[in-house]
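> how would this look folded up:
(chains A, B, C and D)
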Amino acid sequence: MASLSIDRVTKRFGATEVLHEVSIDIEAGDFLVLVGPSGCGKSTLLNMIAGLTELSGGEIRLADRRIDGLEPKARNIAMVFQSYALYPAMTVEKNIAFPLRMAGMDKAAQAAKVAEVAELLQIGHLLKRKPAALSGGQRQRVAMGRALVRDPRLFLFDEPLSNLDAKLRVDMRTEIKRLHQRLGTTIVYVTHDQVEAMTMATKIAVMEGGAVQQFGTPAEIYDRPANRFVATFMGSPAMNLVKGRVRDGAFVAQGAAAAAAGELRLPLPRGTVPLAEGREIELGLRPEWISTEAGPGSVPFAARVELIEPTGPDIYAMLEAAGQSLVARLPARAGLREKTEAALHLDMAQAVVFDPETGASLMAP
Amino acid sequence: MRFFKARLPQLTLLPSLVLVAVSVYGFIALTFVISLTRSRMLPRFDRWEGFDNYARVWSHPRWEVAVENFAIFGLLYIGGTLVIGLGLAILLDQKIRAEGALRTIYLYPMALSFIVTGVAWQWLMSPDLGLQHAFRTWGWESFSFDWITQSEMAIYCVVIAGAWQASGFVMALFLAALRGINTEIISAARMDGASGPAIYWHIIIPALRPAFLTAIVVQGHLSIKSYDLVVALTRGGPGFATELPSTFMYEFTFSRNEMAMGAASAVMMLVLLTVLIVPYLYSELRHGR
Amino acid sequence: MAADMRRSVQRGVVYLVLVLAAGFFLLPLVAMVFTSLKTMPEITGGAGFETATILSPPRLWSFEAWGLAWSSACIAVACEGLRGYFWNSILLVVFAVSISVALGAVNGYVLSKWRFRGDSIIFGMLLFGCFIPFQIVLIPMARLLGLLDLAGTLGGLVLVHVCYGIPFTTLFFRNFYVTVPDELIAAGRMDGAGFWQIFTIILVPISWPIFVVAIIWQFTNVWNDFLFGASFAGPDTRPLMVALNNLVNTSTGTKAYNVDMAGAMIAALPTMLVYIVGGRYFLRGLTSGAVKG
Amino acid sequence: MTKYLTRGVGALLSMTALSAPALADEVEVMHWWTSGGEAAAIAVLQEDLQARGTGWVDMAIAGGGGDAAMTALRARVVAGNPPTAAQMLGMTVRDWADEGFLGNLNAVAEAEGWNDVVPPAVQAFGTHDGEWVAAPVNIHRPHWVWANAGIFEELGLSMPTTWDEFFAAADAIEAAGHVGVAMGGQAWQEATIWEAIVLSVSPALYEAAIINADMDALGSEGIVESFEIFRRVLGYADPGYAGRDWNLATAMVINGEAGMQIMGDWAKGEVINAGLTPGEQVLCAVVPGTDGAFLFNTDFFAMFDVGEDAQAAQRNMASAAMSVSFQETFNLAKGSIPARTDVPSANFDVCGQTSMADLVEATEAGTLFGSLAHGHGQPASVQAAYLDVVTQFANSDMTPEAAAEALVASVGGAL
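Residues are numbered from 1 along each chain as shown, chains lettered A, B, ... in the order given. Alright, predicted model coming up:
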């Protein structure tokens, strides 16, 4: 296994720049997830690591050796594709053995390796079938088998679960994570699903507009988002954003119909950079920080419950407080009812503040 | 070495490119040059006439007939094959028993050259050997089919034989396209209360647009190139009533020793082709993006 | 009940139209087969055959014409029928079809899977070659073959057919490969396969529908060609269509129409067979990308 | 790179695929005699040559009355790979000689005395600048009337010698329920009839209007008259004649469907093929008013300028083609008469014997002319200009006056 270093990598197609000086470093054994909305450049970056797309600038190093410029096959990297890209004319066995065959390994050794991988992924009974005769989950396994079989220094996954149904997706997620733990491989994994990112990654790079918005551990990304984009992209339901001003050292949000709705006044969270009086700011509040019970450091507020979406263990409550719409994630047993007023508490210890113009975090590092 | 390795894909195109560059573009250029000379039996590049040959072609009565015929033939041939082909495709798409056999029957003329079927067609069309004779012998005394002997009607015989040969191919195109239509759209239309014909008219036929385009271009270029058809059927006759640009070109180049005029008419055919083809090429190329 | 009636009437009309159309399409074939099985007096309506028509079945069945056309009809100085020319055509078709299809497949592969700057212009230029009228290339091509020292050889004739076949085969394969996911090629590259290995090991085995289309198309065109065969073949390499033409065409000689028709049928059998056997795959190939739609 | 590649592949193919260039003791002959009597006739020459130790490589290409062969010939010559010899009509021989592609046969011609036995009008096509370049093998006469003897006997008709008699006979035949004149509907067939009519108007008119393309003659009363007669002849054809092959028209005469046909002497082949004898069951006579005159078309073997090593075989072939015995056998099979005037006429049928006698007569009288319809009147481009008008006239209701005018315009434009 090897460390991966992406250093100021840039990609241009003609006049349009799709990646701008992207830099990411991970250690051997890391599980890096590149996450972001479609078109953010994450797949391009993956293809550049794979060697399928050429760099316009920058360097990529694998175990401290430069690999950009090398042919894909010279990089010793394996990849699992979104559509699995199994060779339709070959049996599962031949599919898995293909990289070994290309490397010129002798038949007996190939067979041994294939058997080993088939055992690991429990696909031994499928070896004689053609891909067309496999289910989605089985194809997924075969694709992983083909990647695993040659012990590469780095694994790339390109949205591998997006073609599976919901249940299978969760199962495979766990399985990939288990595999990672067991084999200790270095993985770069692309997805647009922030849940996948959070559950699997040891490192996450949130990308948008061809640049890395934030790079860090899942906890860092979730708890200390570097900007409004990361804050809202990660987490479901998305983080509430409330616009307001600094007044008398506190945050004050004015409702649309100010007189009728009154105002929402909250203390500024701890760790906020010093802010001038009257400055416009945006307060970020995750739905799960709203609670029906008071806690240490929580602030009470009144809101009207407009709509409730039950999800089983939790409910998502659409609230209106002082003319502001907020979403709260509450336990189902909280006992809220639609179209009623409720007294709620807000855990301000974790709240974050953004600059409404640039979206950058206004928290002290 | 590295250079060649990196350019390997492009390099593999090279043989084809060289062949086509010479055998298509080189020869077109040469034809254009010949059209500016006074070449008679063989190409000659010692006397230049500018565009005189084009003027001579346009003032020739045979060319006039050829252009007029081309308008009739082109329209009816393209229209006819589209209507017949689409009609057969729609009917065959009604879960027909023996579809395979019928399809093969409609398609087989594509396999035959007019060198093979020419004589049979001449006879079928001929009033005293063919259909007219047959039907009259069998007792339908008033049956009449003698277009091939009439200067004004003979071109329609060429259309009939042309449609016979190419309709099956158009049918195959449309059938392939019909089978490719998403059945959910049709179900949706049915839910919305559309009747059979209305579904075809409003939903299915518009969805065949790409197939129409392909069919029109293929048939269009065949209509410009069709030479065997006329030669096999009428040899341009009666008189030169069924002359087409392609027969004009061949006749002047090879039979009449007016190679420069033949080349001039060829260049004009190519211009016509280009007008038809380039929009198609454009759409083909966008398709791949 | 009424609805059922209407439905079965509708079905009846559909079948009637289809069968009538089939009749029209079969007319020339019927005329040819019947004529080839008749004797000359019956064909020309000689004494005793006044009521014979082109579409009436032979009264005196005679397979003699077929035998003559195959092995003993005189074509100029040789009275060996079409038999000898069959082999020439087969040889020509094997070389011309395999080379043009192979080149077209590679071109299609490169133009769809190894995109580069200007590739669509190159594709467009290749495509335009589909539309060139063959009559205008006759003289320049003759000169070119002379310069290449290929005049009158099978090689020369193959070259000509390859030149004008490439545009079609490239079109077929390119449009087919566009529908094959790019990831398959990426996977091959990741797994260590090179340019040719990806093509031969991964793509070719899944390309048979389009190979069928391209081969049928090229086979028919090359087999049926007369113009190039007459102009560029040598005395020993002349294809079947030239011989058939010589059999049926005469300026001031007499004609044996039954032999002509039998010869025409013999010459047409291979292509008809290809269509009958391959027709279904032809349709499938068309659906799978040969023609967009 | 590609060139070497194609060359390599080509060389490989030509090795595996058995294409041998003509050997020194072989002649490669391009012609369009592929079937029936023609093929039998050419086989005679092949056998004759084989007896002389010269092999025969056959390059027959039929179609369009030699058009297809001439197209292929052009491809061969342009490729720098001409055949040893090619069948050609007179004007085509002249064209190729003008282009400088033909070889010199004077050695053979002088040794065998061709100048003394070939009629000068035929010589004019076989020689170029006083040198023999092509060997003439036959003389066809295109202006014959063929008639069904049974019908003529039944109606008490005799072969017409004037147009009035011709039309009277045609009327009688039509009255008896037959087609008056069987016609084929191709430009050359129509021109075959029209040129015979011009000749019947007067040989001098034919010479002026067709051989010399004299504008005054082309617009003259005589040409108008020829179109008038032509129009009347066309009136006796059945309506379905357009596009019909000449041999089907001949078959109509043989079967008694039609009374007469105007066609060249190759029609005899059909007669013989039907098991009949020309001059007996199918009568022959020259077109009314053309006795004493003679239109001809001759098939030549033009000899290409080939290398030294192939010349011996080439000379062998020229000599064989011009031998008395070959010319007799060949022309008996073909229906024409020999190009040599010293071949005995005894074995020829009545029609052939008439032709042979008329040929000598017409040569002396200066009324032996090349046939326009068959490539001996004008070069291809001008010939086509005549045929355009004739066929247009035949297939429309153009007046004779308008036709004469159109002829002046069309021929004037092509000259």
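> gap between the residue of the stretch 1-150 of chain A found nearest chain B and residue D:201?
The stretch 1-150 of chain A approaches chain B most closely through residue A:71 (8.7 Å), counting by CB to the nearest CB. All C-beta spots, glycine's among them, are computed from the backbone N, C-alpha and C. Using CB to CB, to the nearest Å, residue A:71 is found at 87 Å from residue D:201.
> try residue D:171
Separation of residue D:171 from residue D:201 (CB to CB) stands at 22 Å.
> Those two: which is more packed in?
residue D:201 (22 against 12; other CB atoms under 10 Å in any protein chain shown).
> residues contacting that one?
Neighbouring residues of residue D:201 by CB atoms under 8 Å, 6 or more residues apart in numbering or on different chains: D:222, D:225-226, D:229, D:289.
> Let me see the residues that make contact with the helix or strand that contains residue A:219.
For residue A:219, the element it lies in under DSSP states H and E is helix A:218-223. Residues outside helix A:218-223 that contact it (CB under 8 Å, 6+ apart): A:197-198, A:201-202, A:204, A:206, A:214, A:230, A:234-235, A:350.
> for that helix, which positions count as buried?
Applying a neighbour-count criterion of 16 or more other CB atoms under 10 Å in any protein chain shown, one finds A:218, A:221-222 buried in helix A:218-223.
> Which of the contacts of residue D:201 lies at the shortest distance from residue D:323?
residue D:289 (36.3 Å; CB to CB).
> Excluding chain neighbours, what is closest to the closest one?
Of all residues not flanking residue D:289 in the chain, residue D:200 sits nearest, at 3.2 Å (CB to CB, 6 or more residues apart in numbering or on different chains).
> Return the per-residue confidence for the one you found.
pLDDT for residue D:200: 95.
> My guess is it contacts residue D:291. True?
No - if you go by CB atoms under 8 Å, residue D:200 and residue D:291 don't touch, sitting 9.3 Å apart.
> out of these two, which sits in the more crowded spot?
residue D:200 (24 against 16).
> before we move on, which element is that one in?
Going by DSSP H and E, residue D:200 is part of helix D:187-201.
> Please apply the same query to residue B:211.
Residue B:211 belongs to helix B:209-225, assigned by DSSP H and E.
> which other helices and strands contact the helix or strand just after that helix?
Using DSSP H and E, the helix or strand that follows helix B:209-225 in sequence is helix B:228-233. For helix B:228-233, the elements it packs on are helix B:114-125, helix B:154-179, helix B:245-250, judged by 3 or more CB pairs under 8 Å, 6 or more residues apart in numbering or on different chains; DSSP states H and E.
> contacting residues around stretch B:261-273?
B:28, B:31-32, B:34-35, B:39, B:53-54, B:56-57, B:60, B:63, B:221, B:224, B:245-246, B:248-254, B:256, C:131-133, C:135-136.
> just checking, which of the helices and strands packed on helix B:228-233 sits deepest inside the structure?
Neighbour counts (mean count of other CB atoms under 10 Å in any protein chain shown) averaged over each of these peak at helix B:245-250, with a mean of 27.
> need the next SSE after that one, C-terminal direction.
helix B:259-288.
> between that following helix and helix B:209-225, how many degrees?
With axes from the mean of the first three to the mean of the last three CA atoms, to 10 degrees as the basis, helix B:259-288 and helix B:209-225 are set at 170 degrees to each other.
> Okay, buried residues for helix B:259-288 please.
B:259-270, B:272-273, B:276-277, B:280-281, B:284, B:288.
> go on, stretch A:8-24?
A:9-11, A:17-20, A:22, A:24.
> of all the residues you listed, which two lie farthest apart?
A:17 and A:24 (17.6 Å).
> which residues does the residue nearest the centre of chain C contact?
Most central residue of chain C, judged by C-alpha distance to the mean C-alpha position with CA atoms, centre = their mean, is residue C:220 at 0.5 Å. Residue C:220 is in contact with B:110-111, C:271, C:274-275, counting by CB under 8 Å, 6+ apart.
> now those as JSON lines including distance to chain D and secondary structure?
Output for these, formatted as JSON lines (distance: CB to the nearest CB, whole Å; DSSP: H, G, I helix; E, B strand; the rest coil):
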{"residue": "B:110", "distance to chain D": "23", "secondary structure": "helix"}
{"residue": "B:111", "distance to chain D": "22", "secondary structure": "helix"}
{"residue": "C:271", "distance to chain D": "21", "secondary structure": "helix"}
{"residue": "C:274", "distance to chain D": "22", "secondary structure": "helix"}
{"residue": "C:275", "distance to chain D": "26", "secondary structure": "helix"}
